[in-house]
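Asks: Test case, fold it:
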Amino acid sequence: MPAPFVFDEEFSFAVTPAEFWAAVVQTDQYPTWWTWLRRFDGEGLQAGASARCTIQAPLPYALRFTVHVDEVVPSERVETTIAGDLEGPARLEVAGDGEGCVARLAWSLHLRDPVLRRLAVFARPAMSWAHDRVVAIGLRQFEQRALAGVSG
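Replies: Numbers count the residues shown, from 1 in each chain. Have a look, this model is predicted:
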């Protein structure tokens with residue numbers, strides 16, 4: 001099996017953790033924020049909830065998976081388990097940083113789709129590029145659409 005796709009990055013925002021959290025819990029808005037999110041059928045951001053998702057990569061494939069929310073500590077942390085084309089743990093941690101906040105996003109996900117697993121043997125650099133592109137676009141869209149007008 002190919003190595004997992006591991007991501008662990010911190011992002012600074014000019015809003016308080018409470019303001020950041022107030023945006024993040026608006027799961028019904030996710031499809032309006034992120035153009036690459038083709039499907040999001042979710043139950044909200046609370047322990048025990050699940051969401052079925054489809055992400056369109058900037059390459060000719062889509063990823064289909066379910067996010068199960070394992071634990072939520074409001075304004076601090078969300079821990080999830082991903083299953084489907086991707087599988088593994090993922091979490092979001094939020095902490096104050098002066099007048100703003102820092103959000104740490106981390107996951108270690110294995111490809112479970114047999115075609116994508118075979119493809120990863122040869123195309124892992126392109127798949128990593130696609131992943132990083134989705135994250136960069138998603139970060140920009142979150143700031144522009146979810147945090148627009150929020151003052152820190």
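Asks: ranges for the helices of this structure?
Replies: Under the criterion DSSP state H, the chain contains helices at 17-24, 30-33, 114-141.
Asks: for this protein, what spans make up the strands?
Replies: Assigned by DSSP state E, the chain shows strands spanning 5-13, 37-42, 50-56, 62-73, 77-84, 86-97, 100-111.
Asks: Which of the helices of the chain has the highest mean neighbour count?
Replies: Highest mean neighbour count of these: helix 17-24, a mean of 19 (counted as mean count of other C-beta atoms under 10 Å). The way it works is simple: take the backbone N, C-alpha and C, and place the C-beta from them, glycine included.
Asks: Now do it: distance to the chain's middle.
Replies: On the basis of C-alpha atoms, centre = their mean, to the nearest Å, helix 17-24 sits 15 Å off its chain's mean C-alpha point.
Asks: now do stretch 60-73
Replies: Taking C-alpha atoms, centre = their mean, the mean C-alpha location of stretch 60-73 is offset from the chain mean by 8 Å.
Asks: Only the buried residues of that stretch, if you could.
Replies: Tyr61, Leu63, Phe65, Thr66, Val67, Val69, Val72 (16 or more other C-beta atoms under 10 Å).
Asks: For this structure, give me the ranges with low pLDDT.
Replies: 1, 151-152 (pLDDT under 70).
Asks: hmm, back to that, same list, the buried residues of stretch 60-73, but as a markdown table with distance to Trp129 please.
Replies: Listed next are the buried residues of stretch 60-73 as a markdown table, based on distance: C-beta to C-beta, whole Å:
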| residue | distance to Trp129 |
| --- | --- |
| Tyr61 | 13 |
| Leu63 | 15 |
| Phe65 | 20 |
| Thr66 | 25 |
| Val67 | 23 |
| Val69 | 29 |
| Val72 | 32 |
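Asks: Quick check: of the residues you listed, which lies closest to Ala90?
Replies: Nearest to Ala90, judged by C-beta to C-beta, of those is Val67 at 7.5 Å.
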